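# Structure for the following, please:
(one chain, ligands or ions: 1)
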Amino acid sequence: MPSPKAKNNCGRSGSIPGVTSNGRYEFMSLSRSPPPHLLQRQGSDPTSARLRASESPTRRRGSGSSNASSSSATGGQQLPEEDCMRLNPSFVGIALSSLLAIDLWLSKRLGVCACEDSSWGSIRPLMKLVEISGHGIPWLAGALYCLYKSDSAAGQEVMLNLLMALVMDLVLVAVVKAVVRRRRPTHNRMDMFATFSVDRYSFPSGHATRAAMCARFLLAHLVLAAPLRVLVLLWAVLVGFSRVLLGRHNVTDVVFGFGMGYCQYNLVEMLWVSPLGLQLMMGQMG
Ligand SMILES: CC(C)=CCC/C(C)=C/CC/C(C)=C/COP(=O)(O)O
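Residues are numbered from 1 along each chain as shown. Model (predicted):
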């Protein structure tokens, strides 16, 4: 188990889980006032900062009857609309915030190889090897090589579909990352081999989607011997674990990535290109 040295502050600071500057989820207590240092950032003292906030036109918007209950709850002082919403968060909001807080806390604790001087920093090179084994470049290069070397129509068909699956995975992951824009954990060191610009985002883990999709692909088309099938499954799980241990991802990035990769394989099966289909496509193009 990790020793007390496991505090991975090798990245940037950020000991309060989930506190962000762009208005995303914050995991401070909803019932307490913000800490004084946050209030002081807005003004010279907490009281004047609070007053200035309630005076601003945007904050005055909801100061009508809807605030009556909150005024009585706060001893006569009217709360701005946004504060009232924070005091009455929905059940889904609370559940989501709690899940994300647990996710951040757990991921930080599990990031035991996030840098060389982390508690399990000695196995970081091994975890980086696992990382490379799930990277897009070796998979694309391997599939291309096998396609080129394959002398049977069946082999070429499988490799062509694997190639298309890998490209589709890269595109889908990039789209989701660009839409969700969840930043990587603060303790991650961005020293990854060959990344795209969207790879500064962490949700979902591209390695996890690829591992899940490729594992299903291999099990369905290429790996038949039972011991090897077990190895394929172990590899996929290890790739997922290594993302969190290296501090690259939060647990939810990897769990979602596995789910997404699993579903992507269903799409690969649906869009499967047969030699006949390929000939028809070529014929239509030519
Ligand atoms: C031929 C070509 C353009 C290949 C690109 C392959 C490439 C750079 C893939 C990116 C793989 C990567 C670093 C994904 C990020 O994985 P996460 O698990 O950190 O989300």
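# Going by neighbour count, list what's buried in the helix or strand hosting T209.
Using DSSP states H and E, T209 falls within helix 206-221. Under the neighbour-count criterion of 16 or more other CB atoms under 10 Å, helix 206-221 has 206-219 buried. C-beta: built from backbone N, CA, C; applies to glycine.
# go on, stretch 221-235?
V223, V232, L233, W235.
# among the buried residues of helix 206-221, which are within reach of the ligand?
For the ligand, the contacts drawn from those by CB under 6 Å from any ligand atom are G206, H207.
# quick revisit: name the nearest of the buried residues of stretch 221-235 relative to the ligand.
Distance to the ligand, by CB to the nearest ligand atom, is smallest for W235 among those, at 14.6 Å.
# and the residue in the stretch 51-200 of the chain positioned nearest to the ligand, what is it in contact with?
Closest to the ligand within the stretch 51-200 of the chain is G136: 3.1 Å, counting by CB to the nearest ligand atom. Residues in contact with G136 (CB atoms under 8 Å, 6 or more residues apart in numbering) are L166, D169, L170, A194, G206, R210.
# Am I right that the last one is in contact with W139?
Yes - with contact taken as CB atoms under 8 Å, R210 and W139 are classed as touching, separated by 6.6 Å.
# Give the residues shared as contacts by the two.
L166.
# Dump the C-alpha coordinates for the helix or strand containing E131 into PDB.
Applying DSSP H and E as the criterion places E131 in helix 124-133. Coordinates of the C-alpha atoms in helix 124-133 are reproduced here as PDB (Å, rounded to 0.1, in the frame of the first residue of the first chain):
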ATOM      1  CA  ARG A 124       6.600   4.500 -13.300                       C
ATOM      2  CA  PRO A 125       8.800   3.400 -16.200                       C
ATOM      3  CA  LEU A 126       6.900   0.100 -16.300                       C
ATOM      4  CA  MET A 127       3.600   1.900 -16.300                       C
ATOM      5  CA  LYS A 128       4.900   4.100 -19.100                       C
ATOM      6  CA  LEU A 129       5.600   0.900 -21.100                       C
ATOM      7  CA  VAL A 130       2.000  -0.200 -20.500                       C
ATOM      8  CA  GLU A 131       1.000   3.300 -21.700                       C
ATOM      9  CA  ILE A 132       2.900   2.900 -24.900                       C
ATOM     10  CA  SER A 133       1.300  -0.500 -25.400                       C
END
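# State the mean pLDDT of the following helix or strand past that helix.
Downstream of helix 124-133, the next assigned helix or strand under DSSP H and E is helix 136-149. Across helix 136-149, the average pLDDT comes to 96.
# how about the CA coordinates for helix 136-149, as PDB?
These are the backbone C-alpha positions of helix 136-149, laid out as PDB (Å, rounded to 0.1, in the frame of the first residue of the first chain):
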ATOM      1  CA  GLY A 136      -2.600   4.900 -31.000                       C
ATOM      2  CA  ILE A 137       0.700   4.900 -33.000                       C
ATOM      3  CA  PRO A 138       1.800   1.300 -32.300                       C
ATOM      4  CA  TRP A 139      -1.700   0.000 -32.900                       C
ATOM      5  CA  LEU A 140      -2.100   1.900 -36.200                       C
ATOM      6  CA  ALA A 141       1.400   0.900 -37.300                       C
ATOM      7  CA  GLY A 142       0.900  -2.700 -36.300                       C
ATOM      8  CA  ALA A 143      -2.500  -2.900 -38.100                       C
ATOM      9  CA  LEU A 144      -1.000  -1.300 -41.200                       C
ATOM     10  CA  TYR A 145       2.000  -3.700 -41.100                       C
ATOM     11  CA  CYS A 146      -0.200  -6.800 -40.800                       C
ATOM     12  CA  LEU A 147      -2.500  -5.600 -43.600                       C
ATOM     13  CA  TYR A 148       0.500  -5.200 -45.800                       C
ATOM     14  CA  LYS A 149       2.000  -8.600 -44.800                       C
END
